[in-house]
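> Sequence unavailable; structure follows:
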């Protein structure tokens, strides 16, 4: 059983949101899933390319695949899948920056280069686990270097994605070019954790975010309720990303 560690962050709009940090157990399960996928990919690539031309073209292609699996797997998923590798998606985890914003390429690259130190066998592996247990925000060395957190999702990723795709069709005419990545990160953090808030606090946070962001969006109906506006805004940005 894991104790739920929580951290309170202030969004760019000055609204406090509470994030639930992932512990060692859930992160370990996510890592095992990702390692299994990577291992299977490498085995399949080795079988495919080495049996044809192990010392020539086949070996060269396998080397490229191996490099991408080792160094690109986590970075590509974290940047293009909202901080979630398949393992994190399965266990309901997501990587975010320390302010709650989505990770970018540089941030993800830093945390995953340092992973090579965190997850080495023997003593270094214990350092990675010990860092998660010892730090106030459950951060391994890569998280400390990159300024990132691993947090728990409050809304199932599959349901959230389906909702965004459905709403996105209705907001295609919205002009959301002025909405920044930090803005979207704040909106998504609220949407994923709103069920944990009391009704009054939930309405206040939604109102504060909506007031701050309506002036940045063109084409949104003024009569749209605050939470509906935020849902559709997140959907509109997802469609354009």
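That came through fine. Source: prediction; values computed, not measured.
> count of neighbours near residue 221?
10 (other CB atoms under 10 Å). C-beta coordinates here come from the backbone N, C-alpha and C atoms, glycine included.
> what about it, which SS state?
coil (DSSP: H, G, I helix; E, B strand; the rest coil).
> Dihedrals phi and psi, it?
phi -60, psi 130 (degrees, to the nearest 10).
> With residue 198 instead?
The phi/psi pair for residue 198 (degrees, to the nearest 10) is phi -70, psi 160.
> shaky segments in this structure?
Within the chain, the ranges that satisfy pLDDT under 70 run 1-5, 9-18, 52-55, 117-128, 154-173, 239-241.
> Please point out which parts of stretch 213-230 sit buried.
213-214, 217, 220, 226-227, 229-230 (16 or more other CB atoms under 10 Å).
> what does stretch 82-100 give?
Buried residues in stretch 82-100 (16+ other CB under 10 Å): 82-89, 91-98, 100.
> Next: stretch 132-152.
Under the neighbour-count rule (16+ other CB under 10 Å), stretch 132-152 has 132, 137-143, 145-146, 148-152 buried.
> And stretch 230-241, by the same measure?
Of the residues in stretch 230-241, those buried (16+ other CB under 10 Å) are 230-239.
> out of the residues you listed, which are inside strands?
When the buried residues of stretch 230-241 are checked against strands using DSSP state E, none is located there.
> Going along the chain, name the helices of this protein.
Ranges of helices within the chain are 24-50, 57-67, 73-80, 86-91, 105-118, 123-134, 141-146, 157-168, 181-193, 199-214, 226-240, based on DSSP state H.
> what residues are up against the most centrally placed residue in the chain?
Central residue of the chain (CA atoms, centre = their mean): residue 83, 1.9 Å from the mean position. By CB atoms under 8 Å, 6 or more residues apart in numbering, the residues touching residue 83 are 94-96, 102-103.
> Can you tell me which of those residues is nearest residue 70?
Nearest to residue 70 among the contacts of residue 83, counting by CB to CB, is residue 95 at 18.0 Å.
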